[in-house]
Every structure is written in C-alpha cells, then in structure tokens.
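In: quick check, what structure comes out for this input:
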Amino acid sequence: KEKRITKQPLEYPSAGSTFKRPEGYFAGKLIQDAGLRGFQVGGAQVSEKHCGFVVNKGEATAKDILDLMFIVKSTVNGKFGIMLEEEVKIIGEAVKNMPWQEGPAEFSGAPVWRYSENPIIGRNPVKEVARIFNSAVMPYGDEFIGVFRGEQTNGIPYIYLGRSKDAIHWNFDENKIQFVDEEGKPFMPVYAYDPRLVKVEDTYYIIWCQDFYGAAIGMAKTKDFETFVRMENPFLPFNRNAVLFPRKINGNFVMLSRPSDSGHTPFGDIFLSESPDMLYWGKHRHVMSKSPEWWESLKIGGGAAPIETNEGWLLFYHGVSGTCNGYVYSIGGAILDKENPSIVKYRCQNFLLTPEEWYEERGFVPNVTFPCATIHDAETGKIAIYYGAADTYVGLAFTTVDLIVDYIKKNSVVRESDTEIGRR
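Out: Alright, predicted model coming up:
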C-alpha cells in the first residue's frame, strides 16, 4: 500500500492504469519518453507522478479524457511505432464483499468458471416453493438483495424476496412479494416469472414475464424493498426476457426484450425500446438475431442487465438450440455500442457456458443455463454471473471483465443484422 501511495497518483480521481502493457515495454515509460508527462486536455491530465495514469485535475469531461487518450496513443505510435490499447474497465461502483472464487490457470474454452459449491440454491428452499431458479440479485448497502422466481408446489410461479450477506447463502421471505397499484391497493399478477432487478438512478425496477391476456412484460418499482408499486405494462403480448439498462442513454430509459408467442416459442430475436418516462415506449430497434452457431440456432433472448465498460455494454444473453430431446439453453456474450446499443460491436461465436454439470443437465427442464444477473466490481473487474440451471437450481459462475471482453473480441463474428442500426 505504501508503494502505491508513493508511485501512483492516488491524490486525484482516476480509473486506475489507463493502458495495457505492450509486450516488452511499459506503457508509462513510453508515454514519458514521448514527452507527455503532465500533458493536459481540459481537466484531464497525464499524471506527473505515473504517466500510465490519466487523472482528473478538476471537472474533466468524458470528452477531455477521450481526447487526451487519443493524443497519447497517436503520439506514442508516431514516435515508437507502438499502438497502446486501453485497459478494459467496468464503469460503476466498487462492491464490498464481492462474491468470488479463483479460476484455473488455463482455459480450454471461454474464461468462465463455475463455483465449486454449485448449486447455491437447491430444491424446496421455502415453504410451499418447490424450486427457485432464473432469479436476479444485486448489492444493497453492505449486503445483497434479490428477486427470485419461486415455483410453488401448485406449479404457479411468483416472485419472492431474498437477502444475503455474501451473495451465496440466501434467506428468503416465506410470502411472495405483495405488489400494489399506484394508489396502494393490492395488485398481484396472475403469475410472474424470470425476474430481473436493475437500479436506475435512485429507483430499483423489477421486470418479469406475466399474463397480460397472453405472455407479456410486467414491471414494478421500489426504493426501499418494502413497498413494490406496479407500473404500466410496457408492451402488448407476446413478449418475454425484458432487461433494463442500468442508466439512461441519450436521456431515455432503454430496455431489451424478445417478442415471442404464448407457448414455448420456437423463434426469437432481441429488440430494444426507449422511453422518456417508463410509461410510453417506442423507437423500437432490432439488436441481434439467432445465428448459424449450433448453440443459438433456434432463438436468443436477453439475460443479465448490461454491464457498462469503456469498450461498450457487455451483455450476457441466452442462446437456444433444438434437439431431438428438446431445447438446450446456453450462455452467450456480446458487446453493444455505448450510445447506440442496437449496434453490436462484437459477438462471440462460441458459447460462454453450456449445460455440462449434473445440476444443469438434470432437473425439471433439463439442459438449461439461463443468465439473469451479475454482480460486478468496478475496482477489480471481477464479475459473478447468476444463472438458472435446469429450471430447478441457481448456479454461480465467475469471470473478469478483461478476460471475457478479450475472449469475445478475439472470437467475434458479427453479421449485417448485428452491425446495422436496427431500423427498417
């Protein structure tokens, strides 16, 4: 720690080391030798203490930082013929008590590894609830909170609230969440399943699939996890897999969804919609289609809330293939443009996780890995992925933002329908 204080510019805000280390060189030394120590654009400055850092000297704008980084990269490349690459950063908050388990030294496929004690939620977790799966969690204060799909013993799914100190061991309320309308009167859905939980500004939003005279999206909001107020349904039937972005983009709320039918939909692409007020939704755009890859050749759908990085929005989604023994659900990864997220910058042709373990292959619906949430730490880049397993359990897997973004980029295949704006 003393060494960090001496050599790193901790007295100014920064996002940590700005550039990756080029093979055989040090980024900070190259920047220094290029004569850029202390070079400044607006409020953004190449640190005088450590040239590998870009610091905020006071009210630096995002444009200041990006312009400065461009000048640094261009100057170093011009002088030494070396093009610096930015470190991949999660844009967000640090997470106390981040759930984590170290991974293997080498990977045969995607750099995603399962928690050794999976599943973290087993059968019959709550009175009169047979299974919990396809659920969403997030940090809340110094602990964690989640909304969980509880499949009751009568077969009807509802949403239950859970709390945890470590995001691995969970305690659940015995009663389902009691939703109310805007006047405070009871207003329960006929059924509710596959919830997502996203915080935008000072409000927590729960999004799920429900009956609206057919399968459709339901929403509610809370600020204290005591009162849950239902909101207007955003779309007509039939629609599923709604995922809200964690901040407004160009002044609007943005949500992914997957138009469908009211059964076990044998088709489906991911679309995007915008709203100025969470009441009226429009500016619909196509984002991604299924692909020829076997694991997503039938349909795709949104998964966890997108993670903002300096490379774009990191999206974990599900891809589905059809076999003679039913559907197989795998986890895929893509990176969407930050300001126009209907544009796919990178899309991994390989699955990141597919059913292989007993709790993924055996259960009420076999061969399912279904991502619904992540917990991600901006300080370390660690990511914990929460996924439903075989419609019976909750599994946990890990990666880091630099490993997974690098893997997606190196194995990316994008097609015309991915890279266009999504409007026809």
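
In: and the closest residue in space to Gly322 that isn't next to it in sequence, what is it in contact with?
Out: Nearest residue to Gly322, sequence neighbours excluded (Cβ to Cβ, 6 or more residues apart in numbering): Leu298, at 4.7 Å. Quick note: C-beta positions are derived from backbone N, CA and C, even for glycine. If a contact means Cβ atoms under 8 Å, 6 or more residues apart in numbering, then Leu298 has Pro266, Phe267, Lys290, Val320, Ser321, Gly322, Tyr327 as its contacts.

In: with Asn56 instead?
Out: Contact partners of Asn56, counting by Cβ under 8 Å, 6+ apart, are Tyr12, Pro13, Ser14, Gly43, Ala44, Ile65.

In: from those residues, pick the one nearest Leu403.
Out: Ser14 (22.3 Å; Cβ to Cβ).

In: sketch out the low-pLDDT regions of the protein for me.
Out: Residue ranges of the chain with pLDDT under 70: 1-7, 15.

In: longest helix in it, by number of residues?
Out: Identified as the longest helix of the chain according to DSSP state H is helix 62-80.

In: got the buried residues for that one?
Out: Asp64, Ile65, Leu68, Met69, Val72, Lys73, Thr75, Val76 (16 or more other Cβ atoms under 10 Å).

In: same question for stretch 148-160.
Out: Quick answer for stretch 148-160 (16+ other Cβ under 10 Å): Phe148, Arg149, Gly150, Glu151, Gln152, Pro157, Tyr158, Ile159, Tyr160.

In: what about that stretch, start to end distance?
Out: Using Cα to Cα, to the nearest Å, the end-to-end distance of stretch 148-160 comes to 5 Å.

In: could you do stretch 219-237 as well?
Out: In stretch 219-237, first residue to last residue: 14 Å (Cα to Cα).

In: ditto for stretch 333-343
Out: 14 Å.

In: same check, this time on stretch 211-218
Out: End-to-end span of stretch 211-218 (Cα to Cα): 8 Å.

In: use 45 as the first number from now on
Out: Done: numbering now begins at 45, and the last item shifts to stretch 255-262.

In: any idea how far stretch 208-216 is from the middle of the chain?
Out: 20 Å (Cα atoms, centre = their mean, to the nearest Å).

In: would you mark the buried spots in that stretch?
Out: Under the neighbour-count criterion of 16+ other Cβ under 10 Å, stretch 208-216 has Ser208, Ala211, Ile212, Trp214, Phe216 buried.

In: and if you look at stretch 58-65?
Out: Residues of stretch 58-65 classed as buried: Ser58, Ala59, Ser61, Thr62, Phe63, Arg65 (neighbour count, 16+ other Cβ under 10 Å).

In: surely Asn277 is in contact with Gly258?
Out: No: at 11.0 Å, Asn277 does not count as touching Gly258 under the criterion of Cβ atoms under 8 Å.

In: more crowded one of the two?
Out: Higher neighbour count among Asn277 and Gly258: Asn277, with 16 against 13, using other Cβ atoms under 10 Å.
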